[in-house]
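Colleague: sharing a model that was predicted from the sequence below.
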Amino acid sequence: MSVENNKAPVTPRDALCRAGAVAFWLLVWQLASMAVGSELLLAGPAAVLVRLAQLVPTAAFWSTVGFSLARIAAGFAVAFVLGLVLGLAAHRWHALAELLAPAVSFLKSVPIVCVIVLLLMWVGSVRVSAIAVFLAVFPAIYFSVLEGRSAADPGLGELLRVMGVSGWRRFLADTWQQLLPYLVATCRNACGMAWKAGVAAELIGSPRGSMGERIYQAKLLLETGDLFAWTIVVVALSWACEKAFLALLRATGDWALAASVPRPAAVQRRQPAPVPTPPGITFDNVTLGYDGAPVATCSLSLAAGSRTVLADPSGAGKTTLVKVVCGLLAPLSGHVRAPGVGELSVQFQDTRLVEAMTAEQNVLLCSAGALSEGDAHTLLAELLPEDALGRPVAELSGGQRRRVELARALAHPGAAVVLDEPFASLDAASHQAAAAFVLRHLGGRTLLVASHASGDVELLRATPARLGNVRGEG
(Lines give C-alpha, C1' and ligand atoms only; values in the text may rest on other atoms or scores of the structure.)
Protein backbone atom coordinates (compact mmCIF):
# COMPACT_ATOMS: atom_id res chain seq x y z
CA MET A 1 0.00 0.00 0.00
CA SER A 2 1.24 3.49 -0.79
CA VAL A 3 -0.43 5.06 2.22
CA GLU A 4 -0.33 3.00 5.35
CA ASN A 5 -2.89 3.11 8.10
CA ASN A 6 -0.88 3.60 11.29
CA LYS A 7 -3.79 2.87 13.62
CA ALA A 8 -3.45 -0.24 15.75
CA PRO A 9 -6.06 -2.96 15.09
CA VAL A 10 -9.14 -2.81 17.31
CA THR A 11 -9.13 -5.64 19.84
CA PRO A 12 -12.31 -7.11 21.39
CA ARG A 13 -11.39 -5.34 24.62
CA ASP A 14 -11.17 -2.00 22.79
CA ALA A 15 -14.54 -2.59 21.12
CA LEU A 16 -16.12 -3.45 24.47
CA CYS A 17 -14.69 -0.31 26.09
CA ARG A 18 -16.01 1.88 23.27
CA ALA A 19 -19.44 0.27 23.44
CA GLY A 20 -19.44 0.86 27.18
CA ALA A 21 -18.59 4.54 26.70
CA VAL A 22 -21.43 4.95 24.20
CA ALA A 23 -23.85 3.19 26.55
CA PHE A 24 -22.76 5.46 29.40
CA TRP A 25 -23.52 8.65 27.48
CA LEU A 26 -26.83 7.30 26.20
CA LEU A 27 -27.74 6.65 29.83
CA VAL A 28 -26.74 10.19 30.75
CA TRP A 29 -28.88 11.49 27.90
CA GLN A 30 -31.88 9.42 29.02
CA LEU A 31 -31.52 10.53 32.65
CA ALA A 32 -31.26 14.18 31.55
CA SER A 33 -34.43 13.81 29.48
CA MET A 34 -36.23 12.27 32.43
CA ALA A 35 -35.03 15.07 34.71
CA VAL A 36 -36.33 17.74 32.32
CA GLY A 37 -39.60 15.88 32.14
CA SER A 38 -40.67 17.22 28.74
CA GLU A 39 -40.17 15.65 25.32
CA LEU A 40 -40.68 19.11 23.80
CA LEU A 41 -37.53 20.41 25.47
CA LEU A 42 -35.31 17.33 25.49
CA ALA A 43 -36.34 14.12 23.76
CA GLY A 44 -34.71 10.97 25.09
CA PRO A 45 -32.71 8.49 22.99
CA ALA A 46 -35.64 6.07 22.77
CA ALA A 47 -37.97 8.77 21.37
CA VAL A 48 -35.30 9.88 18.88
CA LEU A 49 -34.78 6.30 17.74
CA VAL A 50 -38.50 5.92 17.16
CA ARG A 51 -38.58 9.14 15.14
CA LEU A 52 -35.63 7.95 13.04
CA ALA A 53 -37.42 4.69 12.33
CA GLN A 54 -40.40 6.72 11.09
CA LEU A 55 -38.33 9.05 8.90
CA VAL A 56 -35.92 6.68 7.16
CA PRO A 57 -38.44 4.60 5.15
CA THR A 58 -40.10 7.67 3.60
CA ALA A 59 -39.37 9.04 0.13
CA ALA A 60 -39.28 12.57 1.55
CA PHE A 61 -36.40 11.60 3.84
CA TRP A 62 -34.25 10.31 0.98
CA SER A 63 -35.13 13.27 -1.21
CA THR A 64 -33.99 15.62 1.56
CA VAL A 65 -30.77 13.66 2.11
CA GLY A 66 -30.07 13.62 -1.62
CA PHE A 67 -30.61 17.39 -1.92
CA SER A 68 -28.04 18.19 0.76
CA LEU A 69 -25.62 15.41 -0.08
CA ALA A 70 -25.38 16.42 -3.74
CA ARG A 71 -24.56 20.05 -2.95
CA ILE A 72 -22.10 19.31 -0.15
CA ALA A 73 -20.32 16.65 -2.23
CA ALA A 74 -20.12 18.99 -5.22
CA GLY A 75 -18.63 21.80 -3.14
CA PHE A 76 -16.11 19.41 -1.59
CA ALA A 77 -15.11 17.89 -4.93
CA VAL A 78 -14.51 21.29 -6.56
CA ALA A 79 -12.55 22.48 -3.51
CA PHE A 80 -10.37 19.36 -3.54
CA VAL A 81 -9.57 19.50 -7.25
CA LEU A 82 -8.97 23.25 -7.36
CA GLY A 83 -6.96 23.19 -4.13
CA LEU A 84 -4.80 20.41 -5.54
CA VAL A 85 -4.23 22.07 -8.92
CA LEU A 86 -3.58 25.57 -7.56
CA GLY A 87 -1.41 24.20 -4.74
CA LEU A 88 0.80 22.35 -7.23
CA ALA A 89 0.95 25.40 -9.50
CA ALA A 90 1.73 27.78 -6.62
CA HIS A 91 4.57 25.56 -5.46
CA ARG A 92 6.07 25.61 -8.94
CA TRP A 93 5.55 29.34 -9.65
CA HIS A 94 6.42 31.60 -6.74
CA ALA A 95 4.65 34.59 -8.31
CA LEU A 96 1.36 32.69 -8.31
CA ALA A 97 1.85 31.72 -4.66
CA GLU A 98 2.37 35.38 -3.72
CA LEU A 99 -0.72 36.38 -5.71
CA LEU A 100 -2.95 33.78 -4.05
CA ALA A 101 -1.60 34.10 -0.50
CA PRO A 102 -3.77 37.05 0.68
CA ALA A 103 -7.02 35.63 -0.71
CA VAL A 104 -6.48 32.10 0.63
CA SER A 105 -5.36 33.37 4.03
CA PHE A 106 -8.50 35.54 4.17
CA LEU A 107 -10.73 32.55 3.38
CA LYS A 108 -8.94 30.52 6.04
CA SER A 109 -9.59 33.13 8.74
CA VAL A 110 -12.99 34.66 7.92
CA PRO A 111 -15.95 33.33 10.00
CA ILE A 112 -18.02 31.02 7.82
CA VAL A 113 -21.27 32.53 9.11
CA CYS A 114 -20.31 35.94 7.71
CA VAL A 115 -19.57 34.35 4.35
CA ILE A 116 -22.91 32.53 4.35
CA VAL A 117 -24.84 35.74 4.98
CA LEU A 118 -23.10 37.45 2.06
CA LEU A 119 -23.68 34.44 -0.19
CA LEU A 120 -27.39 34.45 0.62
CA MET A 121 -27.58 38.01 -0.70
CA TRP A 122 -25.53 37.25 -3.80
CA VAL A 123 -26.52 33.75 -5.00
CA GLY A 124 -29.67 32.76 -3.08
CA SER A 125 -30.30 29.91 -0.67
CA VAL A 126 -30.26 26.98 -3.12
CA ARG A 127 -26.59 27.38 -4.14
CA VAL A 128 -25.25 28.70 -0.87
CA SER A 129 -24.38 25.36 0.74
CA ALA A 130 -22.13 24.18 -2.12
CA ILE A 131 -20.26 27.50 -2.21
CA ALA A 132 -19.92 27.59 1.59
CA VAL A 133 -18.44 24.08 1.55
CA PHE A 134 -16.00 25.09 -1.17
CA LEU A 135 -14.84 28.15 0.76
CA ALA A 136 -14.41 26.14 3.97
CA VAL A 137 -12.48 23.24 2.41
CA PHE A 138 -10.39 24.89 -0.31
CA PRO A 139 -7.83 26.64 1.98
CA ALA A 140 -7.18 23.40 3.90
CA ILE A 141 -6.47 21.43 0.71
CA TYR A 142 -4.41 24.24 -0.83
CA PHE A 143 -2.13 24.67 2.20
CA SER A 144 -1.82 20.90 2.59
CA VAL A 145 -0.53 20.61 -0.98
CA LEU A 146 1.95 23.43 -0.44
CA GLU A 147 3.21 21.82 2.76
CA GLY A 148 3.50 18.41 1.16
CA ARG A 149 5.42 19.69 -1.85
CA SER A 150 7.74 21.82 0.30
CA ALA A 151 8.60 18.82 2.50
CA ALA A 152 9.05 16.41 -0.42
CA ASP A 153 12.41 14.76 -1.09
CA PRO A 154 13.49 15.82 -4.60
CA GLY A 155 15.98 12.97 -5.06
CA LEU A 156 13.78 10.41 -6.81
CA GLY A 157 12.23 13.06 -9.06
CA GLU A 158 15.71 14.18 -10.14
CA LEU A 159 16.71 10.62 -11.05
CA LEU A 160 13.53 10.00 -13.03
CA ARG A 161 13.93 13.29 -14.88
CA VAL A 162 17.57 12.54 -15.78
CA MET A 163 16.54 9.14 -17.13
CA GLY A 164 13.84 10.71 -19.29
CA VAL A 165 10.76 9.37 -17.48
CA SER A 166 7.78 11.46 -18.64
CA GLY A 167 6.34 14.13 -16.39
CA TRP A 168 3.03 12.29 -15.96
CA ARG A 169 4.76 9.07 -14.86
CA ARG A 170 6.99 11.06 -12.48
CA PHE A 171 3.91 12.65 -10.97
CA LEU A 172 2.19 9.30 -10.40
CA ALA A 173 5.22 7.41 -9.09
CA ASP A 174 6.85 10.15 -7.02
CA THR A 175 4.94 13.41 -6.52
CA TRP A 176 1.56 11.83 -5.79
CA GLN A 177 3.05 9.24 -3.43
CA GLN A 178 4.78 11.92 -1.34
CA LEU A 179 1.75 14.21 -1.38
CA LEU A 180 -0.86 11.57 -0.51
CA PRO A 181 -0.18 11.30 3.26
CA TYR A 182 -0.69 15.06 3.63
CA LEU A 183 -3.98 14.95 1.72
CA VAL A 184 -5.25 11.97 3.73
CA ALA A 185 -4.45 13.71 7.02
CA THR A 186 -6.11 16.94 5.87
CA CYS A 187 -9.23 15.25 4.51
CA ARG A 188 -9.87 13.52 7.84
CA ASN A 189 -10.85 16.97 9.10
CA ALA A 190 -11.96 18.54 5.82
CA CYS A 191 -14.83 16.06 5.33
CA GLY A 192 -16.31 17.02 8.68
CA MET A 193 -15.73 20.71 7.93
CA ALA A 194 -17.66 20.31 4.69
CA TRP A 195 -20.76 18.96 6.44
CA LYS A 196 -20.60 21.58 9.18
CA ALA A 197 -20.35 24.41 6.67
CA GLY A 198 -22.96 22.96 4.32
CA VAL A 199 -25.61 22.27 6.97
CA ALA A 200 -24.92 25.65 8.62
CA ALA A 201 -25.55 27.37 5.28
CA GLU A 202 -28.78 25.43 4.82
CA LEU A 203 -29.87 26.18 8.36
CA ILE A 204 -29.42 29.92 7.81
CA GLY A 205 -30.79 30.01 4.26
CA SER A 206 -33.39 27.24 4.71
CA PRO A 207 -33.64 26.21 1.02
CA ARG A 208 -36.75 24.12 0.47
CA GLY A 209 -36.09 20.38 0.59
CA SER A 210 -32.78 20.54 2.49
CA MET A 211 -31.75 18.99 5.78
CA GLY A 212 -31.02 22.47 7.10
CA GLU A 213 -34.64 23.44 6.47
CA ARG A 214 -35.88 20.35 8.34
CA ILE A 215 -33.65 21.16 11.31
CA TYR A 216 -34.84 24.76 11.31
CA GLN A 217 -38.50 23.71 11.18
CA ALA A 218 -37.93 21.28 14.05
CA LYS A 219 -36.48 24.12 16.09
CA LEU A 220 -39.38 26.44 15.35
CA LEU A 221 -41.96 23.79 16.26
CA LEU A 222 -40.02 22.54 19.32
CA GLU A 223 -39.87 19.08 17.82
CA THR A 224 -36.68 18.04 19.59
CA GLY A 225 -37.15 14.44 18.50
CA ASP A 226 -36.91 15.54 14.87
CA LEU A 227 -34.03 17.90 15.74
CA PHE A 228 -31.98 15.12 17.30
CA ALA A 229 -32.95 12.66 14.56
CA TRP A 230 -31.75 14.93 11.76
CA THR A 231 -28.61 15.78 13.72
CA ILE A 232 -27.82 12.08 13.98
CA VAL A 233 -28.40 11.74 10.23
CA VAL A 234 -25.93 14.58 9.55
CA VAL A 235 -23.31 13.01 11.82
CA ALA A 236 -23.79 9.59 10.22
CA LEU A 237 -23.52 11.00 6.70
CA SER A 238 -20.42 12.99 7.63
CA TRP A 239 -18.78 9.86 9.08
CA ALA A 240 -19.75 7.70 6.08
CA CYS A 241 -18.54 10.27 3.54
CA GLU A 242 -15.23 10.64 5.37
CA LYS A 243 -14.61 6.88 5.44
CA ALA A 244 -15.61 6.43 1.79
CA PHE A 245 -13.54 9.35 0.51
CA LEU A 246 -10.45 8.41 2.53
CA ALA A 247 -10.66 4.82 1.26
CA LEU A 248 -10.90 6.12 -2.31
CA LEU A 249 -8.05 8.56 -1.75
CA ARG A 250 -5.76 5.88 -0.32
CA ALA A 251 -6.60 3.57 -3.22
CA THR A 252 -5.31 6.19 -5.68
CA GLY A 253 -1.80 5.53 -4.36
CA ASP A 254 -1.75 1.95 -5.61
CA TRP A 255 -3.57 2.92 -8.81
CA ALA A 256 -1.01 5.65 -9.51
CA LEU A 257 1.90 3.25 -9.01
CA ALA A 258 0.38 0.72 -11.40
CA ALA A 259 -0.45 3.38 -14.00
CA SER A 260 3.07 4.83 -13.94
CA VAL A 261 4.66 1.58 -15.14
CA PRO A 262 4.62 0.88 -18.92
CA ARG A 263 2.14 -1.86 -19.79
CA PRO A 264 3.58 -5.18 -21.04
CA ALA A 265 1.22 -5.08 -24.05
CA ALA A 266 2.72 -1.77 -25.13
CA VAL A 267 6.19 -3.27 -24.79
CA GLN A 268 5.27 -6.21 -27.03
CA ARG A 269 4.06 -3.90 -29.80
CA ARG A 270 7.18 -1.75 -29.56
CA GLN A 271 9.59 -2.12 -32.50
CA PRO A 272 13.28 -2.55 -31.59
CA ALA A 273 15.01 0.80 -31.77
CA PRO A 274 18.41 1.15 -33.41
CA VAL A 275 21.26 1.28 -30.91
CA PRO A 276 22.61 4.85 -30.87
CA THR A 277 26.30 5.59 -31.16
CA PRO A 278 27.45 5.94 -27.55
CA PRO A 279 28.49 9.54 -26.86
CA GLY A 280 31.53 10.45 -24.83
CA ILE A 281 31.78 12.75 -21.82
CA THR A 282 34.18 15.70 -21.77
CA PHE A 283 35.19 18.06 -18.94
CA ASP A 284 37.29 20.93 -20.24
CA ASN A 285 39.05 22.83 -17.41
CA VAL A 286 35.99 22.49 -15.20
CA THR A 287 35.80 23.76 -11.63
CA LEU A 288 33.24 21.95 -9.49
CA GLY A 289 31.63 23.46 -6.42
CA TYR A 290 28.59 24.80 -4.61
CA ASP A 291 27.47 28.41 -4.16
CA GLY A 292 30.70 29.76 -5.62
CA ALA A 293 32.94 27.66 -3.35
CA PRO A 294 35.18 25.33 -5.41
CA VAL A 295 35.49 21.67 -4.50
CA ALA A 296 37.54 20.11 -7.30
CA THR A 297 38.91 20.76 -10.77
CA CYS A 298 39.07 18.34 -13.65
CA SER A 299 39.83 17.92 -17.31
CA LEU A 300 38.52 14.57 -18.50
CA SER A 301 37.86 13.18 -21.93
CA LEU A 302 35.89 9.92 -21.95
CA ALA A 303 35.81 8.45 -25.43
CA ALA A 304 32.58 6.92 -26.72
CA GLY A 305 32.26 3.38 -25.40
CA SER A 306 35.09 3.76 -22.88
CA ARG A 307 35.03 2.63 -19.26
CA THR A 308 36.41 5.00 -16.61
CA VAL A 309 36.57 4.76 -12.82
CA LEU A 310 37.10 7.88 -10.70
CA ALA A 311 39.26 6.35 -7.98
CA ASP A 312 39.61 9.36 -5.68
CA PRO A 313 39.05 8.91 -1.93
CA SER A 314 35.82 9.95 -0.22
CA GLY A 315 35.27 13.71 -0.17
CA ALA A 316 37.29 14.45 -3.29
CA GLY A 317 34.32 15.67 -5.36
CA LYS A 318 33.21 12.55 -7.24
CA THR A 319 29.52 12.95 -6.33
CA THR A 320 29.71 16.62 -7.30
CA LEU A 321 31.04 15.61 -10.71
CA VAL A 322 28.22 13.07 -11.15
CA LYS A 323 25.65 15.80 -10.46
CA VAL A 324 27.30 18.02 -13.08
CA VAL A 325 27.28 15.21 -15.65
CA CYS A 326 23.55 14.68 -14.99
CA GLY A 327 22.78 18.38 -15.38
CA LEU A 328 21.67 18.76 -11.76
CA LEU A 329 24.49 21.16 -10.90
CA ALA A 330 26.21 23.78 -13.04
CA PRO A 331 30.01 23.95 -12.97
CA LEU A 332 31.60 27.07 -11.52
CA SER A 333 33.71 27.40 -14.64
CA GLY A 334 34.75 25.45 -17.71
CA HIS A 335 32.75 23.54 -20.27
CA VAL A 336 31.01 20.15 -19.97
CA ARG A 337 29.80 17.99 -22.85
CA ALA A 338 27.63 15.06 -21.79
CA PRO A 339 24.53 13.19 -23.00
CA GLY A 340 21.26 15.01 -22.39
CA VAL A 341 18.06 14.08 -20.54
CA GLY A 342 16.94 10.55 -21.34
CA GLU A 343 20.35 9.59 -22.76
CA LEU A 344 21.95 8.97 -19.37
CA SER A 345 21.49 5.87 -17.23
CA VAL A 346 22.35 6.81 -13.67
CA GLN A 347 22.68 5.38 -10.17
CA PHE A 348 23.24 7.95 -7.44
CA GLN A 349 25.14 7.43 -4.20
CA ASP A 350 22.02 7.76 -2.06
CA THR A 351 19.06 5.38 -2.45
CA ARG A 352 16.38 6.66 -4.83
CA LEU A 353 13.64 4.06 -5.27
CA VAL A 354 9.85 4.10 -5.37
CA GLU A 355 9.49 2.38 -2.01
CA ALA A 356 6.02 0.92 -2.53
CA MET A 357 6.93 -0.58 -5.91
CA THR A 358 8.45 -4.01 -6.39
CA ALA A 359 11.94 -4.42 -7.80
CA GLU A 360 10.49 -5.26 -11.23
CA GLN A 361 8.25 -2.18 -11.22
CA ASN A 362 11.18 0.10 -10.33
CA VAL A 363 13.13 -1.29 -13.27
CA LEU A 364 10.20 -1.07 -15.68
CA LEU A 365 9.45 2.51 -14.69
CA CYS A 366 12.83 3.62 -16.06
CA SER A 367 13.05 1.15 -18.95
CA ALA A 368 11.45 3.52 -21.49
CA GLY A 369 9.33 0.62 -22.70
CA ALA A 370 12.38 -1.44 -23.67
CA LEU A 371 11.58 -4.34 -21.30
CA SER A 372 8.65 -6.60 -20.60
CA GLU A 373 7.78 -7.80 -17.11
CA GLY A 374 9.50 -11.09 -17.88
CA ASP A 375 12.63 -9.29 -19.07
CA ALA A 376 12.78 -7.26 -15.86
CA HIS A 377 12.31 -10.38 -13.76
CA THR A 378 15.08 -12.24 -15.59
CA LEU A 379 17.44 -9.27 -15.30
CA LEU A 380 16.89 -8.86 -11.55
CA ALA A 381 17.19 -12.61 -10.94
CA GLU A 382 20.87 -12.29 -11.84
CA LEU A 383 21.40 -10.13 -8.75
CA LEU A 384 18.59 -10.93 -6.27
CA PRO A 385 17.07 -14.05 -4.74
CA GLU A 386 13.69 -15.07 -6.15
CA ASP A 387 11.76 -14.23 -2.97
CA ALA A 388 12.92 -10.59 -3.14
CA LEU A 389 11.55 -9.85 -6.60
CA GLY A 390 7.85 -9.59 -5.87
CA ARG A 391 8.10 -7.58 -2.65
CA PRO A 392 8.06 -3.80 -2.24
CA VAL A 393 11.64 -2.54 -2.21
CA ALA A 394 10.97 -0.94 1.18
CA GLU A 395 11.11 -4.49 2.61
CA LEU A 396 14.50 -5.32 1.08
CA SER A 397 17.90 -5.04 2.74
CA GLY A 398 20.29 -2.22 1.94
CA GLY A 399 22.43 -4.40 -0.30
CA GLN A 400 19.40 -5.73 -2.18
CA ARG A 401 18.06 -2.23 -2.70
CA ARG A 402 21.46 -1.19 -4.07
CA ARG A 403 21.36 -4.04 -6.59
CA VAL A 404 17.85 -3.04 -7.68
CA GLU A 405 19.18 0.44 -8.46
CA LEU A 406 22.09 -1.05 -10.39
CA ALA A 407 19.76 -3.23 -12.47
CA ARG A 408 17.51 -0.22 -13.11
CA ALA A 409 20.45 1.83 -14.38
CA LEU A 410 21.64 -0.91 -16.75
CA ALA A 411 18.07 -1.62 -17.94
CA HIS A 412 17.55 1.99 -18.99
CA PRO A 413 18.44 2.38 -22.70
CA GLY A 414 20.72 5.37 -22.17
CA ALA A 415 23.79 5.78 -24.34
CA ALA A 416 26.03 6.43 -21.32
CA VAL A 417 25.95 4.87 -17.85
CA VAL A 418 26.99 6.88 -14.76
CA LEU A 419 27.27 5.04 -11.44
CA ASP A 420 28.10 6.67 -8.09
CA GLU A 421 29.41 4.15 -5.54
CA PRO A 422 27.36 1.36 -7.15
CA PHE A 423 28.77 -1.42 -4.97
CA ALA A 424 28.27 0.21 -1.57
CA SER A 425 26.64 -2.05 1.07
CA LEU A 426 27.69 -5.19 -0.83
CA ASP A 427 29.87 -7.96 0.54
CA ALA A 428 32.87 -9.17 -1.45
CA ALA A 429 31.02 -11.90 -3.36
CA SER A 430 28.07 -9.65 -4.21
CA HIS A 431 30.50 -6.90 -5.19
CA GLN A 432 32.20 -9.13 -7.76
CA ALA A 433 28.87 -10.44 -9.07
CA ALA A 434 27.53 -6.88 -9.48
CA ALA A 435 30.66 -5.78 -11.36
CA ALA A 436 30.30 -8.76 -13.70
CA PHE A 437 26.63 -7.82 -14.18
CA VAL A 438 27.67 -4.33 -15.30
CA LEU A 439 30.06 -5.73 -17.88
CA ARG A 440 27.47 -8.19 -19.20
CA HIS A 441 24.80 -5.55 -19.74
CA LEU A 442 26.85 -2.48 -20.63
CA GLY A 443 26.54 -3.23 -24.34
CA GLY A 444 29.32 -0.96 -25.55
CA ARG A 445 27.96 2.14 -23.82
CA THR A 446 30.19 4.76 -22.21
CA LEU A 447 30.70 3.96 -18.52
CA LEU A 448 31.69 6.42 -15.78
CA VAL A 449 31.93 5.03 -12.25
CA ALA A 450 32.71 7.00 -9.08
CA SER A 451 34.13 4.61 -6.51
CA HIS A 452 36.70 4.67 -3.74
CA ALA A 453 36.62 0.87 -3.35
CA SER A 454 39.90 -0.80 -4.20
CA GLY A 455 39.83 -3.18 -7.12
CA ASP A 456 36.94 -1.62 -9.09
CA VAL A 457 39.27 -0.54 -11.88
CA GLU A 458 40.29 -4.16 -12.42
CA LEU A 459 36.80 -5.61 -11.89
CA LEU A 460 35.32 -3.29 -14.51
CA ARG A 461 38.37 -3.46 -16.79
CA ALA A 462 38.35 0.32 -16.78
CA THR A 463 40.76 3.22 -17.00
CA PRO A 464 41.44 5.03 -13.69
CA ALA A 465 41.05 8.80 -13.46
CA ARG A 466 41.41 11.37 -10.69
CA LEU A 467 40.13 14.84 -9.90
CA GLY A 468 42.20 17.83 -8.94
CA ASN A 469 41.13 18.45 -5.33
CA VAL A 470 40.74 22.10 -4.40
CA ARG A 471 39.73 21.93 -0.73
CA GLY A 472 39.06 18.28 0.09
CA GLU A 473 35.24 18.29 0.19
CA GLY A 474 32.78 16.47 -2.08
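Modeller: Done, it's in.

Colleague: quick one, grab the pLDDT at Arg471.
Modeller: According to the prediction, Arg471 has pLDDT 42.

Colleague: swap in Ala218?
Modeller: Reading off the model, Ala218 has pLDDT 86.

Colleague: Pro264 too?
Modeller: The per-residue pLDDT reported for Pro264 equals 59.

Colleague: ok, the residue most central in space within the chain - contacts?
Modeller: Of all residues in the chain, the one closest to the mean position by CA atoms, centre = their mean is Gln177, 2.1 Å from it. The contact partners of Gln177, by CB atoms under 8 Å, 6 or more residues apart in numbering, come to Ser2, Gly253, Ala256, Leu257, Val354, Ala356. All C-beta atoms are positioned from the backbone trio N, CA, C, and that covers glycine.

Colleague: just the residues you listed now: which is nearest Cys298?
Modeller: Val354 (32.7 Å; CB to CB).

Colleague: please check the contacts of Gln177 and keep the buried ones.
Modeller: Ser2, Gly253, Ala256, Leu257, Val354, Ala356 (16 or more other CB atoms under 10 Å).

Colleague: setting aside sequence neighbours, what's the nearest residue to the fifth one?
Modeller: Beyond its immediate neighbours in the sequence, the residue positioned closest to Val354 (CB to CB, 6 or more residues apart in numbering) is Ala173, lying 5.1 Å away.

Colleague: residues near the one you found, how many?
Modeller: Using other CB atoms under 10 Å, Ala173 has 26 neighbouring residues.

Colleague: show me the contacts for it.
Modeller: Counting by CB under 8 Å, 6+ apart, Ala173 has contacts Leu156, Leu160, Val165, Ala256, Leu257, Ser260, Val261, Val354, Met357, Leu365.

Colleague: which phi and psi does the residue lying closest to the third one once chain neighbours are set aside have?
Modeller: Right, the one you point to is Val165. Of all residues not flanking Val165 in the chain, Cys366 sits nearest, at 6.1 Å (CB to CB, 6+ apart). In terms of degrees, to the nearest 10, the main-chain angles of Cys366 are phi -100, psi 10.

Colleague: name all residues that make contact with Cys366.
Modeller: So Cys366 contacts Leu160, Met163, Val165, Arg408, Ala409, Ala411, His412 (CB under 8 Å, 6+ apart).

Colleague: now, the residues you listed that are in strands?
Modeller: Among the contacts of Cys366, no member falls in strands (DSSP state E).

Colleague: ok, these vs Leu379, which is closest?
Modeller: Distance to Leu379 across the contacts of Cys366 (CB to CB) is lowest for Ala411, with 5.9 Å.

Colleague: list the contacts of the closest one.
Modeller: Val363, Cys366, Ser367, Ala370, Leu371, Ala376, Leu379, His441 are the contacts of Ala411 under CB under 8 Å, 6+ apart.

Colleague: if we use 10 Å, what do you get?
Modeller: 345, 362-368, 370-371, 375-376, 379-380, 441 (CB atoms under 10 Å, 6 or more residues apart in numbering).

Colleague: again with Leu227
Modeller: Ala43, Val48, Arg51, Arg214, Ile215, Tyr216, Gln217, Ala218, Lys219, Leu221.

Colleague: what do you get if the cut-off is 8 Å, keeping everything else the same?
Modeller: Ala43, Ile215, Ala218, Lys219.

Colleague: and what of Ala140?
Modeller: Contacts of Ala140 by CB under 8 Å, 6+ apart are Gly83, Lys108, Thr186, Asn189, Ala190, Met193.

Colleague: was I right about the third one contacting Ile141?
Modeller: Yes - using CB atoms under 8 Å, Thr186 is in contact with Ile141, at 6.3 Å.

Colleague: picking up where we left off before, any chance of the buried ones among the contacts of Gln177 in CSV, plus distance to Glu147?
Modeller: Conversion of the buried ones among the contacts of Gln177 to CSV gives the following (distance: CB to CB, whole Å):
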residue, distance to Glu147
Ser2, 18
Gly253, 18
Ala256, 20
Leu257, 23
Val354, 22
Ala356, 21
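
Colleague: residues contacting the residue lying closest to Ala433 once chain neighbours are set aside?
Modeller: Closest residue to Ala433 apart from its sequence neighbours, by CB to CB, 6+ apart: Leu383 at 7.0 Å. Counting by CB under 8 Å, 6+ apart, Leu383 makes contact with Arg403, Val404, Leu406, Ala407, Ala433, Ala434, Phe437.

Colleague: just to revisit the earlier point, may I see the ChimeraX selection of the buried members of the contacts of Cys366?
Modeller: In ChimeraX, this line selects whichever of the contacts of Cys366 come out buried by 16+ other CB under 10 Å:
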select :160,163,165,408,409,411,412
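
Colleague: just the contacts of Ala411: which are in helices?
Modeller: Asn362, Val363, Leu364, Leu365, Asp375, Ala376, Leu379, Leu380, His441 (DSSP state H).
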